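> What follows is a protein structure lacking sequence information:
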């Protein structure tokens, strides 16, 4: 099968990572795969290049001209199937099917942003899902938003497929020891945006005692996308938290860093279904997370690990809980997460679920 994967760019994003992993899986299954992008941000390029997957780049700043070039590329490519991720690429691909198409079209919803229900532009994007064969979301909370916007979308078109994890890359370290540094090490892998709620974390840290803070070390890895990071740096200085939390650049070594961590955290106000959570579970790590998306389903065996991202007291309570976990409890929770990850996120399983829709 000849498959085209369409996305805006190959930047360091969760949707980009997932589409690249799927493309690699399709290629490993013997399919001919190529990419189409229109923004040149080559963070994931080398993974595709090493696998011999071509990357086609359309350079066109004008939206309508860009659409015409994308449409022409797809229609001339004689593809059996097209898989796109994210709002604008989905819209371009759905429009490219007019007045008819011979290829299967599967579009991927990757965000549970509540703003979707209030933006006319984003609502219109979802109504064009009528012209796709399937609409795939990576959480039930996400697909429910789509259904609320477009209630006439046939139920058979909406599918939920969770994120895939490469368990050869994301796996526990056999020599891992909890609190190796003498402190509980919590890592966050996320770009800096207001929605990621670094401010809420800092306010919760302020509420902990000096003794509690002395037992905690937090490392946040990510690039700055808005002014939230600069504001956080000022607050870290103001609250004297420099010895507790470090804001570090995004890194391609995040799998090794995750393997060395004691806890993986996510403090966002909303998410589609975050890769960091899936990958942390695969590395046998306890996860502390906002009560968003489908995550509570996977962590329902221990509600103390979940918090309301809008409530500083709730975040503080969870931080206090994990600080007081014993090493044995950390290992036990991590082992449970590892088993759940293999049950739900195995790459071959997810790849085959997509291939079934694309065929």
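Right, received. Where do you want to start? Computed from a predicted structure; not experimentally measured.
> how many neighbours does the closest residue to residue 231 other than its chain neighbours have?
Spatial nearest neighbour of residue 231, excluding adjacent residues (CB to CB, 6 or more residues apart in numbering): residue 199 at 7.2 Å. Placement of C-beta: from N, CA and C, glycine included. Using other CB atoms under 10 Å, residue 199 has 15 neighbouring residues.
> ok, now residue 204?
Applying other CB under 10 Å, I find that residue 204 has 22 neighbouring residues.
> any idea of the pLDDT on the nearest residue to it once chain neighbours are set aside?
In space, and not counting its chain neighbours, residue 204 is closest to residue 315: 3.7 Å by CB to CB, 6+ apart. Here the pLDDT value assigned to residue 315 is 98.
> secondary structure element for residue 315?
Element membership for residue 315, per DSSP states H and E: helix 312-323.
> if we can go back for a sec, could you measure from the residue nearest to residue 204 over to residue 189?
Distance, residue 315 to residue 189, by CB to CB, to the nearest Å: 18 Å.
> With residue 199 instead?
For residue 199, the distance to residue 189 - CB to CB - is 18 Å.
> And for residue 115?
Relative to residue 189, and taking CB to CB, residue 115 is found at 23 Å.
> more neighbours, these two?
Neighbour count, other CB under 10 Å: between residue 115 and residue 189, residue 189 has more, with 26 against 10.
> who's in contact with the more buried one?
Taking CB atoms under 8 Å, 6 or more residues apart in numbering, we find residue 189 in contact with 221, 222, 250, 254, 257, 258, 264, 276.
> Sort out which of these are buried, if you could.
221, 222, 254, 257, 258, 264, 276 (16 or more other CB atoms under 10 Å).
> Let me have these in a markdown table, extended by distance to residue 159, secondary structure and pLDDT.
As requested, those are exported to a markdown table (distance: CB to CB, whole Å; DSSP: H, G, I helix; E, B strand; the rest coil; pLDDT from 0 to 100):
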| residue | distance to residue 159 | secondary structure | pLDDT |
| --- | --- | --- | --- |
| 221 | 32 | strand | 96 |
| 222 | 30 | coil | 93 |
| 254 | 29 | helix | 94 |
| 257 | 33 | helix | 97 |
| 258 | 29 | helix | 98 |
| 264 | 27 | strand | 98 |
| 276 | 23 | helix | 92 |
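> Now distance to residue 242 too, for those residues, in CSV please.
Formatted as CSV, the buried ones among the contacts of residue 189 follow (distance: CB to CB, whole Å):
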residue, distance to residue 242
221, 17
222, 18
254, 22
257, 20
258, 23
264, 22
276, 24
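> between the residues you listed, which is closest to residue 109?
residue 276 (19.0 Å; CB to CB).
> you'd agree the residue nearest to residue 231 is up against residue 228?
Yes. Counting by CB atoms under 8 Å, residue 199 touches residue 228, with 6.8 Å between them.
> Please enumerate the strands of the stretch 251-359 of the chain.
For the stretch 251-359 of the chain, the strands defined by DSSP state E, counting those that start in this stretch cover 263-266, 287-290, 306-307.
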